[in-house]
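Q: From the sequence below, what's the structure:
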Amino acid sequence: MKRMRITGLRMTDTSHRFVRGICAAVFLLILTAGLSRLGIHSKTGASASFAGIVYAQTSPDKESRMLNEYERAVIEATIKALPAVVSIQTYGTRIYEIRDPFLRMFYGDRVGQRVSGMGSGVIIDPDGIIITNDHVIGLAQGGSVVIQVTLPDGRTFDARLMKTFPGQDIAIIKVDGKNLPTIEFASSANVVQGQTAIAIGNPFGKVLTSGFSGGESTVTRGIISAMKRSLTIESEGVERYYRNMLQTDASINQGNSGGALIDLDGKLIGMNTAIYTAGGPGSIGIGFAIPSDRIKLVCERVMKYGDIGTPYDGITVEDMSDDMREALGLKSKVGIIIKEVAPGSPGDQGGFRRGDVITAVNGLFINNIRDAGSMFMGAIPGEVYTLTVFRKGIYKNMELVLAAKK
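A: Numbering: from 1, shown residues only. Sure, this is the predicted structure:
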């Protein structure tokens, strides 16, 4: 009898699955028996042990509940704040001075150029008061500007400028609206590094809405990466002083300026303002927001006094010589010495005295008067500064509350 060759014989799909099922079952029995001998027990929600070491396992149901609670908090905060974040379009004329004598013969001393800009804003009063960045609406320095505000529900308003502070990069505008949605302030003093931060704004303006004024904002999420960041930026001939900025990795891009940075309660902790791009075209995860306490202070002073005023502390300081350091027993090379404190001034009320050595302002070391001056550039009356003072061989932190110069 000839032997049959089975080479090339193809099983049907049903028989193939049957054989695979048998093989899998056998393999599973062998694997289970082996794991049992090694002392490993796999059970959902229980612990697994190997060689006497116990590994805790989290129930998948519990993980889902935790994730859903967090996601729900993010969504609820977004829903709460979203209606109060607006899109801002600006159209205006920027005035340039002509310095070239030859060109002046044809164009005169100054020439205007039509420009436009985009950004975001936050409604803080139901009657239509909106906060944003000066660089969003300040594109027409020395010229004229038209400001248009679009709400998330599609309503569009013409806005007028109430007050702008280029040095602090804060502006207040007003639309003729009633019962508008608003956002509630949280104190930025309570913000901690690592907490969730949600950025809301209108990146790239009409670019993402096919040229139409879309009302829907963009939402990005991250954390507070760092706090008390201070920097100075010069742009379009304006020097802006940013103090105690909140740093976040929530994506912030062109058009987000003036938008809201909120916490998980949907409250405002900062106003998205700037990004660090390392020479690139967009966000790399380093964004900065003006803290809410600073914004609130500006708004309160404008509503009460019409302006923020000029800060005053009543302290006169001078640089220190090596002989002075040695006489005071100060080994460090940092610090400036208080020469005089005006009676009744904020410095006097704060307990500062002649002969105190100021070594740091808000945790940053100062070496000379110039360093100290830069720390207070853009300061606002009512702000609280923490000064580290060396007195009689002891370092201590003292608070200085700035007043308005009369």
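Q: nearest spatial neighbour of the residue nearest in space to the middle of the chain, skipping sequence neighbours?
A: Nearest to the geometric centre of the chain sits A289, at 2.9 Å (CA atoms, centre = their mean). What sits nearest to A289 in space, not counting adjacent residues and going by CB to CB, 6 or more residues apart in numbering, is G270, at 3.1 Å. Every residue, glycine included, has its C-beta placed from N, CA and C.
Q: isn't the one you found right up against G287?
A: No: contact between G270 and G287 fails when scored by CB atoms under 8 Å: they sit 9.8 Å apart.
Q: Mutual contacts of those two, please.
A: T248 (CB atoms under 8 Å, 6 or more residues apart in numbering).
Q: still on that earlier bit, can you tell me which helices and strands the helix or strand where the residue nearest to A289 lies packs against?
A: Secondary structure assignment for G270, by DSSP states H and E: strand 268-275. For strand 268-275, the packing partners by 3 or more CB pairs under 8 Å, 6 or more residues apart in numbering; DSSP states H and E come out as strand 110-125, strand 196-201, strand 238-248, strand 260-262, strand 287-291, helix 292-305.
Q: average pLDDT across it?
A: Strand 268-275 carries an average pLDDT of 94.
Q: next one: that strand to chain centre, how far?
A: Computed by CA atoms, centre = their mean, to the nearest Å, the chain-centroid distance of strand 268-275 equals 4 Å.
Q: quick check: angle from it to strand 196-201?
A: 60 degrees (axes from the mean of the first three to the mean of the last three CA atoms, to 10 degrees).
Q: Let's see strand 268-275 as CSV, backbone CA atoms only.
A: Only the C-alpha atoms of strand 268-275 are listed here, as CSV (Å, rounded to 0.1, in the frame of the first residue of the first chain):
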residue,chain,number,x,y,z
LEU,A,268,-9.2,82.5,37.4
ILE,A,269,-5.7,82.0,38.7
GLY,A,270,-3.9,83.9,35.9
MET,A,271,-4.1,85.6,32.5
ASN,A,272,-2.2,83.8,29.7
THR,A,273,0.4,86.3,28.4
ALA,A,274,3.6,84.9,26.9
ILE,A,275,5.5,81.8,25.8
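Q: What are the buried residues along that strand?
A: By 16 or more other CB atoms under 10 Å, the buried positions in strand 268-275 come out as L268, I269, G270, M271, N272, T273, A274, I275.
Q: ditto for stretch 362-369
A: Those would be I366, for stretch 362-369 by 16+ other CB under 10 Å.
Q: And that stretch, end to end?
A: Distance across stretch 362-369, first residue to last, is 15 Å (CA to CA, to the nearest Å).
Q: For that stretch, the averaged confidence score.
A: 91.
Q: Likewise for stretch 387-394?
A: pLDDT averaged over stretch 387-394 gives 94.
Q: quick one: contacts of it?
A: Applying CB under 8 Å, 6+ apart, the set of residues contacting stretch 387-394 is 328-330, 335, 352-353, 355-361, 363, 395-400.
Q: for the protein, what's the longest strand?
A: Using DSSP state E, we find that the single longest strand of the chain is strand 218-235.
Q: gap between the residue nearest to V191 when sequence neighbours are not counted and T220?
A: In space, and not counting its chain neighbours, V191 is closest to I269: 5.3 Å by CB to CB, 6+ apart. According to CB to CB, to the nearest Å, I269 and T220 sit 15 Å apart.
Q: Any regions of the stretch 101-250 of the chain where pLDDT drops low?
A: Residue ranges of the stretch 101-250 of the chain with pLDDT under 70: 110-112, 139-143, 204-215, 236.
Q: let's see 50
A: Along the stretch 101-250 of the chain, the model assigns pLDDT under 50 to residues 140, 207.
Q: what are the ranges of the helices in the protein?
A: 13-38, 60-81, 101-107, 134-137, 292-305, 322-328, 346-349, 369-375 (DSSP state H).
Q: can you count the residues close to the residue nearest to N368 when sequence neighbours are not counted?
A: Nearest residue to N368, sequence neighbours excluded (CB to CB, 6+ apart): D319, at 5.1 Å. By other CB atoms under 10 Å, 13 other residues sit near D319.
Q: what do you get for the one 10 residues further on?
A: A count of nearby residues for G329, using other CB under 10 Å, gives 9.
Q: Relative to I338, how far out is the residue lying closest to it once chain neighbours are set aside?
A: Nearest residue to G329, sequence neighbours excluded (CB to CB, 6+ apart): G393, at 5.7 Å. Distance from G393 to I338, counting by CB to CB: 16 Å.
Q: So the two - more neighbours on which side?
A: Higher neighbour count among G393 and I338: I338, with 20 against 8, using other CB under 10 Å.
Q: residues in contact with the closest residue to that one other than its chain neighbours?
A: Among residues not flanking I338 along the chain, D356 sits closest, at 4.6 Å (CB to CB, 6+ apart). When contacts are counted by CB under 8 Å, 6+ apart, D356 touches I337, I338, V389, F390, R391.
Q: Among these, which lie within strands?
A: Short answer: the contacts of D356 in strands (DSSP E) are I337, I338, V389, F390, R391.
Q: now, which of those residues sits nearest Q193?
A: Checking these against Q193 by CB to CB gives V389 as the nearest, at 25.9 Å.
Q: The closest residue to that closest one other than its chain neighbours and V317, how far apart?
A: Spatial nearest neighbour of V389, chain neighbours left out: D356 (4.8 Å); criterion: CB to CB, 6+ apart. Per CB to CB, D356 is found 9 Å from V317.
Q: and what of M303?
A: For M303, the distance to V317 equals 33 Å [CB to CB].
Q: what does D265 give?
A: 41 Å.
Q: Just want to know which of the two has more residues nearby.
A: Between D265 and V317, counted using other CB under 10 Å, V317 has the larger neighbour count: 22 against 13.
Q: Right, I'll call it a day here.
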